[in-house]
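Asks: The following block contains a protein sequence and its predicted model.
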Amino acid sequence: MQVLRLLTILLPVLMILPGRDPLAADRALVPAPAPATLSTPQGTPEPKSITVDPPAPRAALVPARGEVVVEGVIDAVVKDHRGLQVSIFRVAAPSGAEERPKPLLSGTLLLGIASLITPLGPDGQRVPADALRPGTLFTAVIEWPASPSPSVLAVRRLTVNVPEASTGAAPASGENSLGAIAPDRISDAPVIVPMVFPVVGPVSWQDTFLASRGGGTRRHRGQDILAPKMTPVVAAFDGTVRPRARNGHYLLTLVGDHGWSAEYMHLNNDTPGTDDGQGGELHAFAPGIYPGARVVAGQLLGWVGDSGNAEGTVPHLHFELVHQATGVAVNAAPSLRLARRIAAPRLPELLPDLKPGPGEVRWNGFARAVDTGRGSIDLHVSARAERHEPLTALTRPQVCTVHCGEGTSLAVLGAGEARLSLSEITPGAQLVVVGRKVDGEIVARAIYAEAAGLVPGKPLLAALAALVPAGPAVAATPALGPAGPAVATTPAVPSRREDPKRSNTAAAVAPVQSAEGLLWVHGYVLTDLSDGKMKIRMDVVRLPGSLEMIRLRRALVKEVIVGTRTRLRDPRGKPIRPEALVANAEVEILGEEEGKTAPLHAATLILRAAPRK
């Protein structure tokens, strides 16, 4: 009896010990309220800054080689530039030295319009930008500054202290809600996914879900939406895209934030007005559509065509809905019937109030190539506006040459007075250009480049200078393009020249935030690049969505596809030529594969070290 009485007394105490939540099971049954959007109007940060003392020191995070850790608190959210005004209370270097400045240091943390930096919660899950609010603590792992006065510090990893309920949306439903699932992973359960209709313009379609295909060998998993070639195709909902080409077939997966994915197939592969199959990715995918890019509902993805096994048939878009958690396809017809129609593709909000002057034109787009010698940029144009006219999305591919002279102003979008040089703009960077058109080319007066990273003030640069000793630094990844997580978060691996012993590559590599759905590998080229293909010997991999570097016990051979949209870079972000990819070259690759035995389609390839001659 005494034992039972003692347990009766101790049980309530044990239930409220630190780390234990007696109501956790009940709270899990209550849906969390949607986070309020606490961004300031018109992109103007709140003038009020944090005046409270920084939190008490906790277990200090020590950065790895090539990194600097910055900890602070969010002061204000700048919505239109997807930026954060922050106050910094700790800066730490790999040596263990740190600064805890008073007063706090100020800075601007740019996430990028296309979410080039993805905040992660304490549980490692993606945190939507609208869940960030003033007062939120953050930890940013940034690149070791390669120069004493960088315009933007590249961010390898960003962790924010938000409740788990505010992190990325869970799949909309489980397998039980999909009814009977056939062996071919298809369900005929009635499902409606809110969306924008995926084709802009006149279309024709009827419900062909489960129709016989391939001579009766398979069932149709989607819906065929008929439209003329080069009709704009747009994102059905917010999410991340994975465009790819397979033997002349251009297709794209849209991974939604709500637990559903959409497959877009048979995108255009022809030169406009022909059926030559020579259109390439320029006429298949819209500007800024690269593996891992974030898009919003209604944003232009590409154009209707007849690539793949649709050659010889009427041009159409094959559209299907797939439940992410189970991989089960459902009938998209009910969702398409209720989908919202739009008259034109939606544009990202980049400087909406910027108007060109007399005789000038404004262009939005993405850098395809940068020639610092000629002072020019090849711009893949996404939108255009003349004076007194609204910014209009282009529905046909267009590439223009932009010339930068001594009078051209180059600024970081959303970073106030921060300026940059032409060499800091790399292919893939999203740009806003204002200038005049002369002989079919653009003479720029001002260029605004979207960046992702930490824009430091002078006090923060002084703190970094005091912490970071002089000497050779690890080659930094540029924060200004190439656009998207495919490059902005590429990990730095010690090259063979930097670490000749290479006794423990996995331990030497600092784990970094990965691009969603992409595989990262490190290895050595076995066969020279030929016809867009080569073989590599992999020794370290990082799986999609993981931060863990895995050193392979035995090297594996993998075929790699290098396409026209593959970004080829050296460790400092400068473009390299395909001819440099020869046997024994050391490389890092970020790409996508459809299976363990399938080739790796490279989105970004970094040549870490050329073979010694």
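Replies: Yes, it's here.

Asks: what number of residues lie near the residue nearest to Leu137 when sequence neighbours are not counted?
Replies: With Cβ to Cβ, 6 or more residues apart in numbering as the criterion, Leu137 has its nearest non-adjacent residue at 4.2 Å, and that residue is Asn161. The C-beta positions use only the backbone N, C-alpha and C, and glycine is treated the same way. Close neighbours of Asn161, defined as other Cβ atoms under 10 Å, add up to 15.

Asks: Next one: Asn161 from Asp224, what distance?
Replies: 47 Å (Cβ to Cβ, to the nearest Å).

Asks: now do Ala297
Replies: Distance check for Ala297 against Asp224: by Cβ to Cβ, it reads 22 Å.

Asks: These two: which has the busier surroundings?
Replies: Asp224 (21 against 18).

Asks: Look up phi and psi at the more buried one.
Replies: Dihedral pair for Asp224: phi -100, psi 120, per degrees, to the nearest 10.

Asks: Also Leu158?
Replies: According to degrees, to the nearest 10, Leu158 has phi -130, psi 120.

Asks: could you dump stretch 252-263 to CSV, C-alpha only?
Replies: Output in CSV follows, covering the C-alpha atoms of stretch 252-263 (Å, rounded to 0.1, in the frame of the first residue of the first chain):
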residue,chain,number,x,y,z
LEU,A,252,8.5,18.8,-65.3
THR,A,253,7.4,17.9,-61.8
LEU,A,254,5.8,20.5,-59.6
VAL,A,255,6.2,19.5,-55.9
GLY,A,256,3.4,21.4,-54.1
ASP,A,257,3.6,22.8,-50.5
HIS,A,258,0.3,21.1,-49.6
GLY,A,259,1.3,17.5,-50.1
TRP,A,260,0.4,17.1,-53.8
SER,A,261,2.6,17.0,-56.9
ALA,A,262,1.7,17.7,-60.5
GLU,A,263,3.3,16.1,-63.5
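
Asks: Below-threshold pLDDT in the stretch 101-250 of the chain: ranges please.
Replies: Applying pLDDT under 70 to the stretch 101-250 of the chain picks out residues 113-116, 145-148, 163-177.

Asks: can you rerun that using 80?
Replies: 112-118, 123-126, 128-130, 143-151, 163-180 (pLDDT under 80).

Asks: Tell me which stretches of it form strands.
Replies: Ranges of strands in the stretch 101-250 of the chain, per DSSP state E, counting those that start in this stretch, are 105-110, 137-143, 155-160, 212-213, 218-219, 223-226, 232-234, 239-246, 249-256.

Asks: Of all these, which one comes closest to Leu556?
Replies: strand 239-246 (21.7 Å; Cβ to Cβ).

Asks: How about that closest one, which residues are buried there?
Replies: Across strand 239-246, burial judged by 16 or more other Cβ atoms under 10 Å covers 239-245.

Asks: and what of stretch 549-559?
Replies: Quick answer for stretch 549-559 (16+ other Cβ under 10 Å): 549, 552, 558.

Asks: Which single one of the buried residues of strand 239-246 is nearest to Leu84?
Replies: Taking Cβ to Cβ as the measure, Leu84 sits nearest to Thr240 out of the buried residues of strand 239-246, at 21.0 Å.

Asks: what about the stretch 301-450 of the chain, any weak spots by pLDDT?
Replies: For the stretch 301-450 of the chain (pLDDT under 80), the answer is 348-350, 413-420, 423-424, 426-428, 440.

Asks: Repeat the analysis, applying 70 as the threshold.
Replies: In the stretch 301-450 of the chain, residues with pLDDT under 70: 414-417.

Asks: What strand or helix carries Ala383?
Replies: Here Ala383, judged by DSSP states H and E, is contained in strand 376-386.

Asks: Would you mind listing the buried residues in that strand?
Replies: Across strand 376-386, burial judged by 16+ other Cβ under 10 Å covers 376-385.

Asks: Go through the buried residues of strand 239-246 and name the one nearest His323.
Replies: Gly239 (14.0 Å).

Asks: coming back round to it: redo the strands of the stretch 101-250 of the chain as JSON lines? Include distance to Leu354.
Replies: Formatted as JSON lines, the strands of the stretch 101-250 of the chain follow (distance: least, Cβ to Cβ, whole Å):
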{"stretch": "strand 105-110", "distance to Leu354": "17"}
{"stretch": "strand 137-143", "distance to Leu354": "29"}
{"stretch": "strand 155-160", "distance to Leu354": "26"}
{"stretch": "strand 212-213", "distance to Leu354": "49"}
{"stretch": "strand 218-219", "distance to Leu354": "50"}
{"stretch": "strand 223-226", "distance to Leu354": "35"}
{"stretch": "strand 232-234", "distance to Leu354": "24"}
{"stretch": "strand 239-246", "distance to Leu354": "26"}
{"stretch": "strand 249-256", "distance to Leu354": "29"}
